[in-house]
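Trainee: got a structure for you, letters missing:
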């Protein structure tokens, strides 16, 4: 299934983080790891409309690694894979 975000929405594949602690202990899938705050942009919408009706393009693009607000994006599941959909305002930074 292909997902095309609308307006200033961004589809993100969350980074699940390390499965091992700094001390070398491996965390099982059942451990509470918290919600991710970093991920890879999979798709972006065309942009937000200005009051004049022009489309303002997004600053992020497909393939960017981004940091986003912890509880801003909405969780969705597509073909048994988890994604997040965020607005551009939820994106805090692009990792270069």
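Mentor: That came through fine. Owing to the predicted nature of the structure, the values given are computational and were not obtained by experimental measurement.
Trainee: residue boundaries of the strands in the chain?
Mentor: Assigned by DSSP state E, the chain shows strands spanning 9-14, 38-44, 48-49, 55-56, 65-68, 74-78, 81-87, 91-95.
Trainee: can you add mean pLDDT and give those strands back as a markdown table?
Mentor: Formatted as a markdown table, those follow (pLDDT from 0 to 100):
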| stretch | mean pLDDT |
| --- | --- |
| strand 9-14 | 96 |
| strand 38-44 | 96 |
| strand 48-49 | 92 |
| strand 55-56 | 95 |
| strand 65-68 | 96 |
| strand 74-78 | 93 |
| strand 81-87 | 95 |
| strand 91-95 | 95 |
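Trainee: out of these, which one sits most buried?
Mentor: strand 9-14 (a mean of 21; mean count of other CB atoms under 10 Å). Where C-beta positions appear, they are placed from N, C-alpha and C, glycine not excepted.
Trainee: between strand 81-87 and it, find me the angle.
Mentor: Note on geometry: by axes from the mean of the first three to the mean of the last three CA atoms, to 10 degrees, strand 9-14 and strand 81-87 are set 140 degrees apart in direction.
Trainee: does residue 82 touch residue 75 like I think?
Mentor: Yes - applying CB atoms under 8 Å as the test, residue 82 and residue 75 come out as touching, 6.5 Å apart.
Trainee: can you list contacts of stretch 76-95?
Mentor: Residues outside stretch 76-95 that contact it (CB atoms under 8 Å, 6 or more residues apart in numbering): 1, 3, 5, 8-14, 36, 38-39, 42, 48, 58-60, 64-69, 72-75.
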